[in-house]
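Asker: Model the following, please.
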Amino acid sequence: MKKVFGLSPVVPAVIALAVGTTSLTNAAEREIEVIEAVSFDAEPISEDAVIHAIEEYVFAKYAGDEETVRSRTHHDLARRVVSDTYQGQPSRDWVQTYSHDQLQYYGTELNQTKMDSPKEGRCEIEVFDIEQYTAAARVIMEDVVDFMHLVYFEGRWLVADSAVIILDEAGARAPGKSIKDLKTIEQVLRDYCIGFYEIDGKKVQDTCHPTLSKRSVEKPENVDFNYFNLITWEEIEILGETFNKYWGFDPETARCDVEVYEIRDNVAIAKMTGAVWFDYFQLMRVNDEWLIVNIMYEPLPRERWTDVS
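Answerer: Numbering: from 1, shown residues only. Presented below is the predicted three-dimensional model:
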């Protein structure tokens, strides 16, 4: 793990559970049987807490506990895999998406990783970095290698982005780490960053796949909820055309620090730190071209800004 920046926990979340019944003899008559408040302590912003969240997700999958699996993922999960078949037929590469709803499969017989002793299943975790409300990690499970972005959302660490390598069968050896395309990936991320500084929206957009999901956790003042701020593939071009008109960073000198954490097969996970913000990236090689598919970003604290007069 690279580094952890401390942040005060948010106020513990409260979940209100209301159970109601409707009289069969009088449709207008309703009886509220239970209104119960259940509270939990906010999880810490730490490496141990991120690891715990991933472990809970993985072992719940092995147990066939679909409810817990889904509770450890954001409801707007951006889960991606590169596929070379379409509707069962061979095809060119494309990025297949899986929704939060499809996690229900883990509670069915389609879950080939279900086992009597879930904690004996493979769960090889590496947390690469934590920044404020966001973390980048990887876990190798029985059937997949899963590159994750987790977010600290309403007091809990949740999986929000996922770039997956599906193994040939449960228990198969995972693809090894590679540096083959390291320079190519680094250049993609620099083009992305410098495109913002150059006010070149098309240059920024060309580094991203059309299924792009770029988001940040927003915590507005005077409200007690979080939400995702979403930037789409169409909007990333607009952002590239407007961002530096305000800031005026010099493309030749402004900070653009790139770190590629890991590359396996056709998936990579990385980070770029700019002058006043950072991005965590998940990239995929699609038809021999490395493209950004998922991004989690946050503004940097003021004391870490550079190139600002």
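Asker: Which neighbouring residues are in contact with Lys180, exactly?
Answerer: Applying Cβ atoms under 8 Å, 6 or more residues apart in numbering, we find Lys180 in contact with Ile263. Placement of C-beta: from N, CA and C, glycine included.
Asker: and it, which of the three is it?
Answerer: State at Lys180, reduced to three classes by DSSP: H, G, I helix; E, B strand; the rest coil: coil.
Asker: Can you read off the pLDDT for it?
Answerer: Lys180 carries a pLDDT score of 94 in this model.
Asker: do the same with Ala27
Answerer: At Ala27, pLDDT is 34.
Asker: quick one: the strands in the stretch 101-250 of the chain?
Answerer: 124-131, 134-140, 144-153, 156-166, 208-218, 227-231 (DSSP state E, counting those that start in this stretch).
Asker: looking at the ones you listed, which is closest to Asn294?
Answerer: Closest approach to Asn294 among these is made by strand 156-166 (4.0 Å; Cβ to Cβ).
Asker: Sheet-wise, list the partners of that closest one with their directions.
Answerer: In its sheet, strand 156-166 lies beside strand 73-86 (parallel), strand 144-153 (antiparallel), with partners assigned from DSSP bridges.
Asker: List the buried residues of it.
Answerer: Buried residues in strand 156-166, counting neighbours by 16 or more other Cβ atoms under 10 Å, are found at 156-165.
Asker: mind saving the C-alpha coords of it as PDB?
Answerer: The C-alpha coordinates for strand 156-166 follow below in PDB (Å, rounded to 0.1, in the frame of the first residue of the first chain):
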ATOM      1  CA  ARG A 156     -18.800   2.200   4.300                       C
ATOM      2  CA  TRP A 157     -16.300   1.100   1.800                       C
ATOM      3  CA  LEU A 158     -18.100  -0.100  -1.400                       C
ATOM      4  CA  VAL A 159     -16.900  -1.600  -4.700                       C
ATOM      5  CA  ALA A 160     -17.900   1.000  -7.300                       C
ATOM      6  CA  ASP A 161     -15.700   0.200 -10.400                       C
ATOM      7  CA  SER A 162     -14.600  -3.300 -11.400                       C
ATOM      8  CA  ALA A 163     -12.500  -4.400 -14.400                       C
ATOM      9  CA  VAL A 164     -12.500  -8.200 -14.500                       C
ATOM     10  CA  ILE A 165     -10.400 -11.000 -16.100                       C
ATOM     11  CA  ILE A 166     -12.500 -14.200 -16.200                       C
END
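Asker: tell me the angle of it relative to strand 208-218?
Answerer: 160 degrees (axes from the mean of the first three to the mean of the last three Cα atoms, to 10 degrees).
Asker: Mean confidence (pLDDT) on strand 156-166, please.
Answerer: Here the average pLDDT along strand 156-166 is 98.
Asker: same check, this time on stretch 253-267
Answerer: In this model, stretch 253-267 has an average pLDDT of 98.
Asker: distance between that stretch and the chain's centre?
Answerer: The chain centroid and the centroid of stretch 253-267 are separated by 16 Å, computed with Cα atoms, centre = their mean, to the nearest Å.
Asker: With stretch 265-273 instead?
Answerer: Relative to the centre of its chain, stretch 265-273 is centred 12 Å away, using Cα atoms, centre = their mean.
Asker: Kindly report the same for stretch 275-290.
Answerer: With Cα atoms, centre = their mean, you get 12 Å for stretch 275-290.
Asker: swap in stretch 201-213?
Answerer: Using Cα atoms, centre = their mean, the offset of stretch 201-213 from its chain centre is 17 Å.
Asker: What of stretch 268-278?
Answerer: Distance, stretch centre to chain centre, for stretch 268-278: 14 Å (Cα atoms, centre = their mean).
Asker: What of stretch 172-184?
Answerer: Centre-to-centre, stretch 172-184 and its host chain are 20 Å apart (Cα atoms, centre = their mean).
Asker: Of all the residues in that stretch, which ones are buried?
Answerer: Under 16+ other Cβ under 10 Å, the buried positions of stretch 172-184 are 174, 181.
Asker: Then stretch 63-76?
Answerer: 63-66, 68-70, 72-74.
Asker: distance of the nearest residue to Lys203 once chain neighbours are set aside from Lys202?
Answerer: With sequence-adjacent residues excluded and distances taken as Cβ to Cβ, 6 or more residues apart in numbering, Lys203 is closest to Gly195, at 3.5 Å. According to Cβ to Cβ, to the nearest Å, Gly195 and Lys202 sit 8 Å apart.
Asker: next one: Glu131
Answerer: 28 Å.
Asker: Those two: who's more crowded?
Answerer: The neighbour count for Glu131 versus Lys202, taken as other Cβ atoms under 10 Å, is higher for Glu131 (22 against 10).
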